[in-house]
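J.: what follows is a predicted protein model with its sequence.
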Amino acid sequence: MALIRTQSTRFERFLDALYIPALLRGFRVTTSHLFRRRFTQDYPEEKRTLPVGYRGKHKLNLDAHEHVKCVACYLCGTACPADAILIESAPCPPGWEGRDRYPSKFEIDTMKCIYCGFCEEACPVDAIVLTDAVPDVLEKRGQFVRDREDLVRQPPASWKR
Ligand code: SF4
Ligand code: SF4
């Protein structure tokens with residue numbers, strides 16, 4: 001039966017104690033990156049080209065009468081794997097012809113959201129969509145909860161849909 005030598009020599013242990021093999025391995029990795037293509041971009045001067053199908057900020061669409069299109073059916077909230085959607089349903093205000101219920105409260109906690117797009121797929125009336133707008137960089141926890149007014153606000157011109 002062949003014996004496998006697992007113990008290092010005294011010289012190897014001496015080099016290990018001085019971190020020389022680890023340093024050489026580190027230098028090799030660093031040097032190999034010097035000749036690779038650069039991935040960093042000078043954002044925001046240099047805009048990143050987002051991939052097709054990128055899922056960014058949510059938007060609630062309006063119907064032909066400029067009322068929120070959502071019928072408060074809870075399907076998006078049920079489909080959401082991150083439990084990020086909070087909806088409160090109420091009877092539509094007078095004058096909303098052909099409509100029964102609307103969301104008196106509609107919030108998305110974008111800190112919980114994983115931008116999977118399940119809410120968009122679940123919606124039977126195309127009320128909620130994920131646009132190609134990059135989510136905002138914010139500082140406080142509460143700022144990440146987007147309410148109905150924020151979600152229906154017309155998107156800036158850079159938004160493609
Ligand atoms: S994108 Fe996914 S995680 Fe975010 S709110 Fe919609 S269903 Fe929930
Ligand atoms: S956004 Fe769509 S799926 Fe969600 S509650 Fe409104 S109508 Fe239902």
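T.: Cool, got the structure. Computed from a prediction, not measured in an experiment: that's the story for all the values here. Ligands and ions are numbered 1, 2, ... in the order given.

J.: from now on I want contacts and neighbour counts done on CA atoms only, so please keep to that.
T.: Will do.

J.: surely L86 is in a strand?
T.: Yes. With DSSP: H, G, I helix; E, B strand; the rest coil as the criterion, L86 is part of a strand.

J.: angles on the backbone of the residue lying closest to it once chain neighbours are set aside, please.
T.: Excluding the flanking residues, the one nearest L86 by Cα to Cα, 6 or more residues apart in numbering is E107, at 5.1 Å. The phi/psi pair for E107 (degrees, to the nearest 10) reads phi -130, psi 140.

J.: isn't E107 right up against R148?
T.: Yes. Under the criterion of Cα atoms under 8 Å, E107 is in contact with R148, at a separation of 6.1 Å.

J.: low-confidence stretches in this structure?
T.: Applying pLDDT under 70 to the predicted model, the residue ranges of the chain that meet it are 1-6, 154-161.

J.: spatially nearest residue to the residue nearest in space to the middle of it, not counting backbone neighbours?
T.: The chain has Y115 as the residue nearest its centroid, 4.3 Å off, counting by Cα atoms, centre = their mean. Closest residue to Y115 in three dimensions, ignoring its sequence neighbours and counting by Cα to Cα, 6+ apart: R55, at 6.2 Å.

J.: again with I114
T.: Residue nearest to I114 in three dimensions, not counting chain neighbours: A82, with 7.0 Å by Cα to Cα, 6+ apart.

J.: picking up where we left off before, what's near enough to touch the residue nearest to Y115?
T.: Under the criterion of Cα atoms under 8 Å, 6 or more residues apart in numbering, the contact partners of R55 comprise 115-117, 130-133.

J.: between those residues, which has the most around it?
T.: Compared across the contacts of R55, L130 has the highest neighbour count, 21 neighbours, by other Cα atoms under 10 Å.

J.: correct me, but that one touches K57?
T.: Yes. Between L130 and K57 there is a contact under Cα under 8 Å: 5.6 Å.

J.: sec struct for P103, please.
T.: At P103 the chain is in strand, as set by three-state DSSP.

J.: what is the neighbour count of it?
T.: The number of residues packed near P103 is 21, by other Cα under 10 Å.
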